[in-house]
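Engineer: no letters, just coordinates:
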């Protein structure tokens, strides 16, 4: 299951984003208007996040961070805004993909692999010397960190999205008409923030593993 | 997979849990709330988003315009500097040419004045030579006259006695009388 999700995220990053952007930026003007302006704005935002967190060599990682951010953001908001309950499935339901632990664990594992890859390609095998910085006594804690990072990422995202969805469902089943609306707005806000947090943390982990000991 | 085929088989039991279908309970599907939320989001979000994008566009426009103006300014300054350079080069050439002609003129002047000084010195030399020659010839004449007079004096002193002296005096008186007679 997790592998399916990992694959789907990879495909999403490579194909869908590039198709969207290619359609929007068919005729790039120097002074941007409309769709081009919007996509450039989003790109600048993601670039800013990566640059702040990773530092100088942020270039190759912008697509990855962008994928994380956009995938989670679009998943969360589409799960919160679109009326998926109209379509009924025999098993399971249609909702935000990120309200399933499998998705979030897949994303977190991807991030883990990404920051390992970043550290190893940058520093070689001396990347593992980072485990005994600053003192060798902290070695078990550093190893533990490698497990808690993806764990915390996945659970934070999963918990937030599932909780919001459950609250809205419960409120709708209790008082269908007006009361859920503020909670839905809160849900939109927090799910957007969660997407940003996930992307920022992923970039921070990558930056941290790339800075090594220089 | 087996579950999916089972659910296809049980499609005849519409609607029941465990089948594809449409949920037509509006309240359960939260359509009203969703549409309200979407409406508010689009209403306010459109304003905010277009503001953001307009700001960005204005910023880009201003940056481009500023850099264009700076470029124009820099090109103008370059042109001015080039014109000044050309003018100064022309003046430098003039100065150089003038300088050379000045040098030539000075050279000729110097040659002339030196020539004149040389001539003057020649004249002085010639005059001095003449003067010395004359001096020498005068000295020689004087010496000769002195010698002659000394010889005459000696001769006279040697052969002069009373008689001769008396005859000479009378002769001189006669000449003087004759001269006095002529002048009277």
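Structural biologist: Alright, I've got the coordinates. Quick caveat, the model's predicted, so the values are computed rather than measured.

Engineer: do the helix or strand harbouring residue B:32 and chain A meet?
Structural biologist: Assessed by DSSP states H and E, residue B:32 sits inside helix B:31-159. Yes. Helix B:31-159 comes into contact with chain A (Cβ under 8 Å from any Cβ of the partner chain), by way of B:31-34, B:36-38, B:40-41, B:49, B:52-53, B:56-57, B:60-61, B:64. Any C-beta I mention is one placed from the backbone N, CA and C, and that applies to glycine too.

Engineer: for that helix, name the packing helices and strands.
Structural biologist: With contacts taken as 3 or more Cβ pairs under 8 Å, 6 or more residues apart in numbering or on different chains; DSSP states H and E, helix B:31-159 sits against helix A:34-54, helix A:62-81, helix A:180-211.

Engineer: kindly reformat those as a markdown table containing distance to chain B and mean neighbour count.
Structural biologist: Below are the helices and strands packed on helix B:31-159 laid out as a markdown table (distance: least, Cβ to the nearest Cβ, whole Å; neighbours: other Cβ atoms under 10 Å in any protein chain shown):
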| stretch | distance to chain B | mean neighbour count |
| --- | --- | --- |
| helix A:34-54 | 5 | 17 |
| helix A:62-81 | 6 | 21 |
| helix A:180-211 | 5 | 20 |
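
Engineer: so which of those is nearest residue A:173?
Structural biologist: Closest of the helices and strands packed on helix B:31-159 to residue A:173 is helix A:180-211, at 9.8 Å (criterion: Cβ to Cβ).

Engineer: what's the angle between that closest one and helix A:62-81?
Structural biologist: Helix A:180-211 and helix A:62-81 are oriented at 170 degrees to each other (axes from the mean of the first three to the mean of the last three Cα atoms, to 10 degrees).

Engineer: the helix or strand encompassing residue A:168 versus helix A:62-81: what angle between them?
Structural biologist: For residue A:168, the element it lies in under DSSP H and E is helix A:139-174. Angle, helix A:139-174 to helix A:62-81, by the same axes, to 10 degrees: 30 degrees.

Engineer: could the helices and strands packed on helix B:31-159 be laid out in JSON lines, adding distance to residue B:93 and mean pLDDT?
Structural biologist: Below are the helices and strands packed on helix B:31-159 laid out as JSON lines (distance: least, Cβ to Cβ, whole Å; pLDDT from 0 to 100):
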{"stretch": "helix A:34-54", "distance to residue B:93": "56", "mean pLDDT": "89"}
{"stretch": "helix A:62-81", "distance to residue B:93": "59", "mean pLDDT": "92"}
{"stretch": "helix A:180-211", "distance to residue B:93": "62", "mean pLDDT": "92"}
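
Engineer: give the next helix or strand downstream of the helix holding residue B:32.
Structural biologist: As assigned by DSSP H and E, the chain's next helix or strand after helix B:31-159 is helix B:162-183.

Engineer: pull the number of nearby residues for the closest residue to residue A:180 other than its chain neighbours.
Structural biologist: Computed as Cβ to Cβ, 6 or more residues apart in numbering or on different chains, the closest residue to residue A:180 that is not its neighbour in sequence is residue A:171, at 4.2 Å. Per other Cβ atoms under 10 Å in any protein chain shown, the neighbour tally for residue A:171 reads 18.

Engineer: please name the residues that touch residue A:171.
Structural biologist: Contacts for residue A:171 (Cβ atoms under 8 Å, 6 or more residues apart in numbering or on different chains) come out as A:179-180, A:183.

Engineer: residues contacting residue A:47?
Structural biologist: By Cβ under 8 Å, 6+ apart, the contact set of residue A:47 is A:58, A:62.

Engineer: for residue A:66, see how far away it is.
Structural biologist: 8 Å (Cβ to Cβ, to the nearest Å).

Engineer: cool, and residue A:54?
Structural biologist: On the measure of Cβ to Cβ, residue A:54 and residue A:66 end up 13 Å apart.

Engineer: what residue ranges in chain B score low on pLDDT?
Structural biologist: Along chain B, the model assigns pLDDT under 70 to residues B:1-20, B:23-29.

Engineer: could you rerun that using 90?
Structural biologist: For chain B, the stretches flagged by pLDDT under 90 are B:1-37, B:50, B:52-54, B:56-57, B:60-61, B:153, B:155-166, B:168, B:182-184.

Engineer: residue closest to the middle of it?
Structural biologist: Chain B has residue B:92 as the residue nearest its centroid, 5.3 Å off, counting by Cα atoms, centre = their mean.

Engineer: now swap in chain A and tell me
Structural biologist: By Cα atoms, centre = their mean, the mean C-alpha position of chain A lies nearest to residue A:68, the distance being 3.5 Å.

Engineer: test my guess that it contacts residue A:198.
Structural biologist: Yes. With contact defined as Cβ atoms under 8 Å, residue A:68 counts as touching residue A:198 (6.0 Å).

Engineer: spell out which residues are contacts of both of those two.
Structural biologist: By Cβ under 8 Å, 6+ apart, the residues touching both residue A:68 and residue A:198 are residue A:107.

Engineer: let me see the backbone angles for residue A:87.
Structural biologist: With angles defined as degrees, to the nearest 10, residue A:87 sits at phi -90, psi 130.

Engineer: which pLDDT value belongs to it?
Structural biologist: pLDDT for residue A:87: 78.

Engineer: separation between it and residue A:81?
Structural biologist: Distance, residue A:87 to residue A:81, using Cβ to Cβ: 15 Å.
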